[in-house]
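J.: I would like the atomic coordinates for the input below:
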Amino acid sequence: MSNYTVEKDWFYKDLRCVVIMGHMGFRCGYVGIDKTHPLYGIKYNAEIEITENKKKALLKGEVGKRGVISLFSYSLHEKITPEILFDVHGGITFSGEDKIYPVESDLWWIGFDCGHVEDGKDLSVVSGQLKKIELKWPTGGILRSLEYCTEECESLADQLINFKEE
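T.: Model (predicted):
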């Protein structure tokens, strides 16, 4: 039995996208890329080489929805990693190849989660000790909807397509 539920599995511009609801009460979104993509097989926190044009665009861009920790790390070390390249909710927090996670495939998945400080939890899917803690000391925050995560996945897919084409 998995500890998540696939809420949506679709194709957007030929890239497979998936949104799941995790057992901790928040959603995660993923976009799958195949072996022809330059980021295939690259961990989200691994240092990568990018063109000067991509680097300039990154440095000119706004922080957007990226994760603060990865951007802080970049500002200290000027280390370019996939986690800071893409403007998506909380930044990229996952990359990997698993034949069954988040869905069965041969893709390399790049994803984000909606379990950050200002994000809420759907307590209807939380159980056990965690639910007792949440009910006693609720954290509040905004529960990110399936529609919101769908839009974030499609935005990430567009950015991955642009990254490949540049």
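J.: after the helix or strand harbouring T5 comes which helix or strand?
T.: When elements are assigned from DSSP states H and E, T5 belongs to strand 4-12. Downstream of strand 4-12, the first helix or strand assigned by DSSP H and E is strand 15-22.
J.: who does that next one pair up with?
T.: strand 4-12 (antiparallel), strand 27-33 (antiparallel) (DSSP bridges).
J.: and K136, what's its pLDDT?
T.: pLDDT for K136: 56.
J.: and the strands paired with strand 15-22 as JSON lines, adding mean neighbour count?
T.: Quick note: C-beta positions are derived from backbone N, CA and C, even for glycine. JSON lines is the format used below for the strands paired with strand 15-22 (neighbours: other CB atoms under 10 Å):
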{"stretch": "strand 4-12", "mean neighbour count": "14"}
{"stretch": "strand 27-33", "mean neighbour count": "26"}
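J.: export those strands to a markdown table and tack on distance to T51 and mean pLDDT?
T.: As requested, these are exported to a markdown table (distance: least, CB to CB, whole Å; pLDDT from 0 to 100):
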| stretch | distance to T51 | mean pLDDT |
| --- | --- | --- |
| strand 4-12 | 25 | 96 |
| strand 27-33 | 18 | 97 |
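J.: under the pLDDT cut-off, which ranges of the chain? List them.
T.: For the chain, applying pLDDT under 70 flags the ranges 1, 57-63, 67-77, 127-139.
J.: which parts of it are helices?
T.: 52-60, 68-77, 82-85, 128-136, 146-165 (DSSP state H).
J.: spit out the contact partners of L146.
T.: L146 sits next to 7-8, 19, 27 when contact means CB atoms under 8 Å, 6 or more residues apart in numbering.
J.: skip the chain neighbours and tell me the closest residue to the spatially most central residue of the chain.
T.: Nearest to the mean C-alpha position of the chain, counting by CA atoms, centre = their mean, stands F112 at 1.5 Å. Distance criterion CB to CB, 6 or more residues apart in numbering; nearest residue to F112, sequence neighbours excluded, is V88 at 4.8 Å.
J.: can you tell me how far that neighbour sits from F94?
T.: Using CB to CB, to the nearest Å, V88 is found at 11 Å from F94.
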